[in-house]
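*Asks:* here is a sequence with its predicted model. Questions after.
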Amino acid sequence: MQQVVIIGASHGGAEAAIALRTQGWEGKILLVGDEPTLPYQRPPLSKGYFHQAVSDQQLLIKKPTLYEKAKVEVMLGESVTAIDKANKSISLASGASISFDYLIIATGARARKLSIPGSDLSCINYLRTLADADKIISQVNAQSHLLVVGAGYIGLEIAASASKLGAKVTVLESFPRVLSRVTNEQMSEFYQNLHAQHGVDIKLNSGVTEFRRSGERYVAVLPDGEELTFDSAVIGIGVIPNVELAELAGLECENGIVVDNKTITSEPGIFAIGDVSNHPNPFYQRQIRLESVPNAMEQAKVAAATICGKEKTHDAFPWFWSDQFDVKLQTAGLSQGYDSTVIRGDIAAKKFALFYLKEGKVIAVDAINSPKDFMKAKMLIPTGISIPESKLADTSSDWFE
Amino acid sequence: MAVVKYIDTNDNVTEVEMEAGETVMSLAVNNMVDGIVGECGGAQACATCHCYLDESLSKYFSPRSEMEEAMLEAAPERKESSRLSCQLELNDDLPDIEVRLPASQY
Ligand SMILES: Cc1cc2nc3c(=O)[nH]c(=O)nc-3n(C[C@H](O)[C@H](O)[C@H](O)COP(=O)(O)OP(=O)(O)OC[C@H]3O[C@@H](n4cnc5c(N)ncnc54)[C@H](O)[C@@H]3O)c2cc1C
Ligand code: FES
């Protein structure tokens, strides 16, 4: 019987396994993951799960019974050490070798590590897995001081959740504004104010040069020499795609594993999906690598359909969300390369949309507590829309009519 | 045991035994019901779990939040009876529930 092997049991891997079955794959399906748990949702780790609104049972992406129903063999706590593309087999850390007819690589990404004196102290954490989250949460309480290094989405979400739990929170960011890689100045300022209102101390143009133990607690040395005493820290300075297996096997890699619009790598029969894939985007007309659940799910469905001999290409429009305090951000599209922006709505009322334009064309939107603008933008931007800035800004009528 | 009936636009019915603690969305996802995607895992961020719930059954569920209302407002094929199925929580006291699905989740 033919077999599809999937490496990495998370959003991409779990979706691919089930989609293969629903798309009609009749052979075997093996899902191998090195984490000890069944695939779980990562987004709540810095949000609802962190501030204890979501339980670990609710985190499961699919219930255990579904894998049985779909006849998916799940191998957990097992790490794949090599891919042999000539012999179509993989090797496991435990020594076994398993052959495949098709292989899906869904190894995702890992947290980028900070390398400064003291960064290996036990109080220094990274948030990628459930185990990471449980360790961090156990150190956060109303008496503790949490240090967050890096003001990206994950860093800010952790800051918001920890502050909800009553902890004192300081965020250190080396750039002059938060979210500098993904938003414009107005949006950065909005988030800086939001956190300040909730008592989170964000230090910009800052960072950390050293960590030290100091009795029961720890000290962080900032670039200007200031010393901050804290109890635990989370570093959120981005992720690195897990490409090593693919690289060793000789697959083409460049900021991820390079795939086409059917998620096929440079080797026919081997697919790569999710955070680890570098794929073409038809709207932006370039190769991109995304770190988002919807992208991992969509690529999983494309890989499964392609393996089942169906015609399906990956052309979904990128989108993402972030929850901090009482603010829901929904973003559609990628803003890189914009030449002007338009605000629609009321920033002070925490209800507005920020449109990014390039040569008169809308290329992305950040919607703050404005789901309607987000939904419409997500549907319409991919079709190529040029809307006068005055119309985008005028809240007395819909911009999309 | 009560069931949830998922009815697609061609009137095909998929019947799934209810489980307390699940939502109409998660029950569908865990039983391979075509037509409910649930991309955001219930964060009210995607609307790929859009369904129609008959007026007569709405009393069994909590009403739409402001966020749900706003998401649905822009959802394709929006109707009076539209709901986000990730917000429809199931418990042991419910009778059989029937939801209709839109032609496609975008
Ligand atoms: C705290 C946090 C918050 C987030 N919030 C959001 C959000 O709000 N919205 C959103 O869209 N996205 C969010 N993301 C991003 C989202 O979680 C990722 O895009 C998604 O998990 C990608 O799925 P994936 O399957 O590609 O990879 P991953 O989830 O990274 O999974 C890869 C899996 O493969 C395993 N693996 C790697 N190498 C091997 C090997 N050699 N052998 C066996 N197993 C291996 C890894 O251990 C891991 O379990 C968040 C991420 C984090 C960490
Ligand atoms: S699952 Fe995303 S809104 Fe319901």
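*Replies:* It's in. In this text, all values refer to a predicted model and were calculated from it rather than measured experimentally. Ligands and ions are numbered 1, 2, ... in the order given.
*Asks:* near ligand 2, which residues of chain B show up?
*Replies:* Of all the residues in chain B, those in contact range of ligand 2 (CB under 6 Å from any ligand atom) are B:25, B:38-40, B:42-49, B:84, B:86. Any C-beta I mention is one placed from the backbone N, CA and C, and that applies to glycine too.
*Asks:* which of those residues fall in helices?
*Replies:* residue B:25 (DSSP state H).
*Asks:* the residues of chain B next to ligand 2 also near chain A: which ones?
*Replies:* Among those, the ones lying near chain A by CB under 8 Å from any CB of the partner chain are B:39-40, B:43-47.
*Asks:* how about those in CSV, adding pLDDT, neighbour count and distance to residue A:401?
*Replies:* Converted to CSV, those look like this (pLDDT from 0 to 100; neighbours: other CB atoms under 10 Å in any protein chain shown; distance: CB to CB, whole Å):
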residue, pLDDT, neighbour count, distance to residue A:401
B:39, 94, 24, 27
B:40, 96, 24, 27
B:43, 94, 22, 28
B:44, 95, 21, 25
B:45, 96, 26, 24
B:46, 95, 27, 24
B:47, 95, 27, 20
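*Asks:* give the contact list for the nearest residue to residue A:59 once chain neighbours are set aside.
*Replies:* Once flanking residues are discounted, residue A:59 sits nearest to residue A:40: 4.1 Å by CB to CB, 6 or more residues apart in numbering or on different chains. Counting by CB atoms under 8 Å, 6 or more residues apart in numbering or on different chains, residue A:40 touches A:10, A:56, A:59-61, A:130.
*Asks:* which residues does residue A:40 bridge with?
*Replies:* Taking DSSP bridges as the rule, residue A:40 bridges to residue A:60.
*Asks:* look at the closest residue to residue A:45 other than its chain neighbours and tell me its secondary structure.
*Replies:* Of all residues not flanking residue A:45 in the chain, residue A:133 sits nearest, at 4.3 Å (CB to CB, 6+ apart). Here residue A:133 is recorded as helix under DSSP: H, G, I helix; E, B strand; the rest coil.
*Asks:* circling back: what's the closest of the contacts of residue A:40 to residue A:247?
*Replies:* Ranked by distance to residue A:247 (CB to CB), these are led by residue A:10 at 20.1 Å.
*Asks:* for the residues of chain B next to ligand 2, work out which two are farthest apart.
*Replies:* Using CB to CB, the residues of chain B next to ligand 2 reach their maximum pairwise distance at B:25 and B:45, which is 12.6 Å.
*Asks:* output the set of residues of chain A in proximity to ligand 1.
*Replies:* Counting by CB under 6 Å from any ligand atom, chain A comes close to ligand 1 at A:7-13, A:32-35, A:42-43, A:45-46, A:79-80, A:106-109, A:127-128, A:154, A:242, A:245, A:274-275, A:291-294, A:296, A:320-322.
*Asks:* pull out the buried residues from the residues you listed.
*Replies:* A:7-13, A:32-35, A:42-43, A:45-46, A:80, A:106-109, A:127-128, A:154, A:242, A:245, A:274-275, A:291-294, A:296, A:320-322 (16 or more other CB atoms under 10 Å in any protein chain shown).
*Asks:* in chain A, which residue is closest to the centre?
*Replies:* Against the mean C-alpha coordinate of chain A, by CA atoms, centre = their mean, the closest residue is residue A:291 at 3.8 Å.
*Asks:* correction: chain B
*Replies:* Note: chain B centre (CA atoms, centre = their mean) maps to residue B:85, 2.7 Å.
*Asks:* dump the residue contacts of it.
*Replies:* Counting by CB under 8 Å, 6+ apart, the residues that residue B:85 touches are B:23-25, B:28, B:36, B:38, B:49-51, B:99.
*Asks:* now with 6 Å?
*Replies:* Going by CB atoms under 6 Å, 6 or more residues apart in numbering or on different chains, residue B:85 touches B:24-25, B:36, B:49, B:51.
*Asks:* gap between residue A:247 and ligand 1?
*Replies:* From residue A:247 across to ligand 1, the span is 12 Å (CB to the nearest ligand atom, to the nearest Å).
*Asks:* name the helix or strand for that residue, please.
*Replies:* In the assignment (DSSP states H and E), residue A:247 maps to helix A:244-248.
*Asks:* would you list the phi and psi of residue 14?
*Replies:* You didn't pick a chain, so chain A it is. Phi and psi for residue A:14, reported as degrees, to the nearest 10, are phi -60, psi -40.
*Asks:* my question was about chain B
*Replies:* Here is the backbone geometry of residue B:14 (degrees, to the nearest 10): phi -110, psi 120.
*Asks:* what residue ranges in the stretch 1-150 of chain A score low on pLDDT?
*Replies:* With pLDDT under 70 as the threshold, the stretch 1-150 of chain A has no low-confidence stretch at all.
*Asks:* any chance you could map the strands in it?
*Replies:* Using DSSP state E, counting those that start in this stretch, the strands of the stretch 1-150 of chain A run over A:3-7, A:28-32, A:72-75, A:80-84, A:89-92, A:97-99, A:102-105, A:109-111, A:124-126, A:145-149.
*Asks:* need those strands in CSV with distance to residue A:351, can you?
*Replies:* Listed next are the strands of the stretch 1-150 of chain A as CSV, based on distance: least, CB to CB, whole Å:
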stretch, distance to residue A:351
strand A:3-7, 41
strand A:28-32, 42
strand A:72-75, 43
strand A:80-84, 47
strand A:89-92, 50
strand A:97-99, 52
strand A:102-105, 41
strand A:109-111, 33
strand A:124-126, 34
strand A:145-149, 26
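*Asks:* can you tell which of these is closest to residue A:264?
*Replies:* Taking CB to CB, strand A:102-105 is the member of the strands of the stretch 1-150 of chain A nearest to residue A:264, at 10.0 Å.
*Asks:* what's that closest one packed up against?
*Replies:* With contacts defined as 3 or more CB pairs under 6 Å, 6 or more residues apart in numbering or on different chains; DSSP states H and E, the packing partners of strand A:102-105 are strand A:3-7, strand A:270-272.
*Asks:* may I ask which helix or strand of chain B has the lowest mean pLDDT?
*Replies:* helix B:66-73 (a mean of 94; mean pLDDT, DSSP states H and E).
*Asks:* list the buried ones in that helix?
*Replies:* For helix B:66-73, the buried set under the neighbour-count rule, 16+ other CB under 10 Å, comprises B:67-68, B:70-72.
*Asks:* now swap in stretch A:349-364 and tell me
*Replies:* Neighbour counts over stretch A:349-364 (16+ other CB under 10 Å) mark A:350-357, A:362-364 as buried.
*Asks:* shaky segments in chain B?
*Replies:* Per-residue confidence for chain B (pLDDT under 70) gives these ranges: B:106.
*Asks:* quick one: the strands in it, in order.
*Replies:* Under the criterion DSSP state E, strands of chain B are mapped to B:3-7, B:13-17, B:50-53, B:82-84, B:97-100.
*Asks:* I'd like to know which of the ones you listed lies nearest to ligand 1.
*Replies:* Of all the strands of chain B, it is strand B:82-84 that lies closest to ligand 1, at 16.9 Å by CB to the nearest ligand atom.
*Asks:* do I have it right that residue B:3 meets residue B:13?
*Replies:* No - between residue B:3 and residue B:13 there is no contact, the gap being 10.0 Å when judged by CB atoms under 6 Å.
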